[in-house]
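Trainee: Okay, here's the prediction I keep looking at, along with the sequence it came from:
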Amino acid sequence: MIVVYDIESLSNLFTVTFYEIKNNKYKSFVVHESQNDLKPLVEYLKGVTGMIGYNNIDYDYRVLHPFITRPDYSLSGAELASEIYYRSSLVVEEKIKDRPIPIIPQRDLFRIWHFNSKSKRVSLKFLQINMGIENVQEMPFSHKSVITKEQIPMILEYNKNDVYSTYRFYQLSADKMNLRKALSAKYGVDMGNFSDVKIGEQIFLKELSKRTGVPEKIIEKGRTPRTSISVKDCLIDINFESREFGEILEKYKKMIISDTVKNTSMACTFDGVVYEFGFGGLHACRATGVYKNVKSADVSSYYPNLAIGQKFYPNHLGPVFCEVYENIYKERKKYPKSSPESAAYKLALNGSFGQSNSEWSFFYDPAFTMKITINGQLLLAKLCEEITLSGAGKIIMANTDGIEIAIISEDKFRNVCEKWEKQFKLELEYATYSKLAVRDANAYIGVKTTGEVKEKNDFETKKEIYKDQSMRIVPIAVREYFVNGIPPEYTIESCKDISMFILGKRSHSGTHEYVEVVDTDVRRTPLSKYIRYYVSSKGGTIMKKIEDRVINVHLGRRMTLFNNWQVKPFDEYCVDKSFYLTEANKLINSVVTGQLSL
């Protein structure tokens, strides 16, 4: 039996709720002075073959393990609840470091989605908002509270809602779960809880071990830490004709890097375009505006092929790294893109570079990272320079591994690109945009001649689940405007789906309150850490406290709280559509007001 589960531990109460996927049934156990379900819990787990949770490996199972593997039935409910709470506190505060081997296999969605990384970290509560869960529910009591018997049903209701939310997220994770199952079988390693990055690292490790004959455990110990890096020693032979790019190159040559995590930045303006350099990818944008008939040139698997072509490798791994890298790149091409093999090799190609700047990885060599990123920026700048000086075209935008160009001469453009590809052992892939609406290098929407629409950042209509999904109607209206010429007011006025208008907000507890006037009374309701709401023609306002100031979250607007989803005819929600139209027009105007004619 496979179950989804979640635990709650308070000062004098412990609850655990399971959802039996096959049976579509919930089962809860309670430990309290009024009830001690330890024995039936242990018996129940004998029939469980797999447990799915959210951050369960680092929290839920770590708390549970000693009590289900060495149960002490002599303890009263009050004593056991106190012991569980004590262990829970130690786990939360990281005062114990043990990672027990589970007696029942665990699948942790938090790890699988790599939400344990700082850049993606997201709580289950915010996922509830993003997934449109019916009830975004906060714990009704502090974990330090003393809970009475009569209050236990409220905790169980909260516990069940978290399990339900975890199950819904598990359903959204089906593709990731299936890929890990297929790869685990293929490679003979349980990758069930691996993030994409860790899967890529594991596959690369196996290929390295196979090619070198060195055991995986030995390879895993390798690192090349650097106290400082002379950028001059990292650079390949690149020469610029322009003064602007030449000065950037000279600045790099004089640079000594002691911290590759803390980025530095430099910029120059060439042919009216501002180019920004640093330790990551190149960013450049001519001006905001809508451009027609734009050619794009993206470098195929830029970082892997740059390492392969220029023989860049982590020092402790040696040249064999490039051989494995190239072999993985070639192997991937043998499989359909939809196959698990293609997905696995793609993860291996991408993950190795990303991990090279992590001291926790056997790829670790920050000099290798800098060789890739700095040369990558300079090579892309070189391509931009040659296109410009040759009269082949005008650069509109550049971003990490590709550029967009207003073509003046197709023949000159092709000649420049072919020469660049041959010189630096790289390959360009081309596409044409019939229309490209640009706010900046990181925010745009483009319509390719194939009909495909590419969206970036604020223009995205389908964001990754961990990103803020607030007021989705806005980017949808903007997309319709730029792609199909439909006025945003039409898209917004015709929408009758309340989920498109929802906003979500994370806050520190106690910093937000909901203020409304009922009859002649002003009512102030403190809000929880996670707030779901929409802007309405009726309702109150959300106020935020900042030190000694109080500000209105949306000045001059009313809001309706929506943590508890209410289903009713759309018109009864009283959505203030003028607010969403204003937000859509702001995004449209951020493009069209900077219109530049080439």
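Mentor: Happy to help now that I have it.
Trainee: give me the element the spatially closest residue to Tyr329 that is not a sequence neighbour is part of.
Mentor: Counting by Cβ to Cβ, 6 or more residues apart in numbering, the nearest residue to Tyr329 once its immediate chain neighbours are dropped is Pro304, at 5.7 Å. Backbone N, C-alpha and C define where each C-beta goes, glycine included. Per DSSP states H and E: Pro304 is located in helix 302-310.
Trainee: can you give me the strands for the stretch 451-598 of the chain?
Mentor: Here the stretch 451-598 of the chain has its strands, by DSSP state E, counting those that start in this stretch, at 453-455, 503-506, 512-518, 521-526, 530-536, 541-546, 549-552, 558-561.
Trainee: right, and the ones you listed - which one's nearest Ile21?
Mentor: strand 530-536 (26.3 Å; Cβ to Cβ).
Trainee: Can you spell out which helices and strands pack onto that closest one?
Mentor: With contacts defined as 3 or more Cβ pairs under 8 Å, 6 or more residues apart in numbering; DSSP states H and E, strand 530-536 has these neighbours: helix 124-131, strand 503-506, strand 558-561.
Trainee: The lengthiest helix in the chain vs helix 302-310, what angle?
Mentor: Identified as the longest helix of the chain according to DSSP state H is helix 366-389. On the basis of axes from the mean of the first three to the mean of the last three Cα atoms, to 10 degrees, helix 366-389 is oriented at 100 degrees to helix 302-310.
Trainee: immediately after helix 366-389, which helix or strand?
Mentor: Once the chain leaves helix 366-389, the next helix or strand it forms, by DSSP H and E, is strand 393-399.
Trainee: Show me what that next one is packed against.
Mentor: strand 273-277, strand 283-285, strand 289-299, helix 366-389, strand 402-407, strand 428-440.
Trainee: what residue lies at the spatial centre of the chain?
Mentor: Lys120 (4.3 Å; Cα atoms, centre = their mean).
Trainee: ok, that residue to Ile203 distance?
Mentor: To Ile203, Lys120 is 21 Å away according to Cβ to Cβ, to the nearest Å.
Trainee: Please apply the same query to Arg107.
Mentor: 20 Å.
Trainee: With Arg121 instead?
Mentor: Separation of Arg121 from Ile203 (Cβ to Cβ): 25 Å.
Trainee: Could you identify which of the strands of the stretch 451-598 of the chain is most buried?
Mentor: strand 530-536 (a mean of 22; mean count of other Cβ atoms under 10 Å).
Trainee: So for Lys435, what's the nearest residue that isn't a sequence neighbour?
Mentor: Nearest non-adjacent residue to Lys435 (Cβ to Cβ, 6+ apart): Val447, at 4.6 Å.
Trainee: And Phe321, by the same measure?
Mentor: Tyr313 (3.8 Å).
Trainee: how about low-confidence regions in this structure?
Mentor: Segments of the chain classed as low confidence (criterion: pLDDT under 70) are 509-510, 519, 594-598.
Trainee: mind running it again at 50?
Mentor: Within the chain, the segments meeting pLDDT under 50 span 597-598.
Trainee: OK, contacts around Pro314?
Mentor: Shown in contact with Pro314 (Cβ atoms under 8 Å, 6 or more residues apart in numbering): Gly222, Thr224, Phe321, Ser356, Phe363, Tyr364, Asp365, Phe368.
Trainee: Going by distance to Ile2, which of the residues you listed wins?
Mentor: Phe363 (34.6 Å).
Trainee: just checking, the closest one touches Ser352?
Mentor: Yes: the criterion here is Cβ atoms under 8 Å, and Phe363 meets it with Ser352 at 5.5 Å.
Trainee: Overlap of the contact sets of the two?
Mentor: Going by Cβ under 8 Å, 6+ apart, residues that sit against Phe363 and also against Ser352 are Glu201, Phe204.
Trainee: give me every residue that touches the residue nearest to Phe321.
Mentor: Ala307, Pro319, Val320, Phe321, Cys322, Phe368.
Trainee: With Gly280 instead?
Mentor: By Cβ under 8 Å, 6+ apart, the neighbours of Gly280 are Asn263, Thr373, Thr400.
Trainee: May I ask which of those has the most neighbours?
Mentor: Thr373 (25 neighbours; other Cβ atoms under 10 Å).
Trainee: which SS class is the residue nearest to Phe321?
Mentor: What DSSP: H, G, I helix; E, B strand; the rest coil gives for Tyr313 is coil.
Trainee: That one and Thr260, how far apart?
Mentor: Applying Cβ to Cβ, the value for Tyr313 to Thr260 is 17 Å.
Trainee: Show me how this structure divides into domains.
Mentor: Under the assignment automatic domain parsing, the domains of the chain span 2-172, 188-225+303-362, 229-300+368-459, 488-592.
Trainee: With distance to Ser470 added, can I get the ones you listed in CSV?
Mentor: Shown next, in CSV, are the domains of the chain (distance: least, Cβ to Cβ, whole Å):
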stretch, distance to Ser470
domain 2-172, 9
domain 188-225+303-362, 26
domain 229-300+368-459, 11
domain 488-592, 4
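Trainee: count of residues packed around Lys97?
Mentor: 7.
Trainee: quick one, phi psi at it?
Mentor: Lys97 adopts backbone torsions of phi -110, psi 0, taken as degrees, to the nearest 10.
Trainee: Can you give me the separation between it and Arg243?
Mentor: 56 Å.
Trainee: ok, now Tyr490?
Mentor: Taking Cβ to Cβ, one finds Tyr490 at 50 Å from Arg243.
Trainee: how many other residues sit next to Ala406?
Mentor: For Ala406, the neighbour count with other Cβ under 10 Å is 16.
Trainee: before we move on, back to that, isn't the residue nearest to Lys435 right up against Val483?
Mentor: Yes: here Val447 reaches Val483: they are 5.4 Å apart, a contact under Cβ under 8 Å.
Trainee: shared neighbours of the two, anything?
Mentor: Lys435, Val453.
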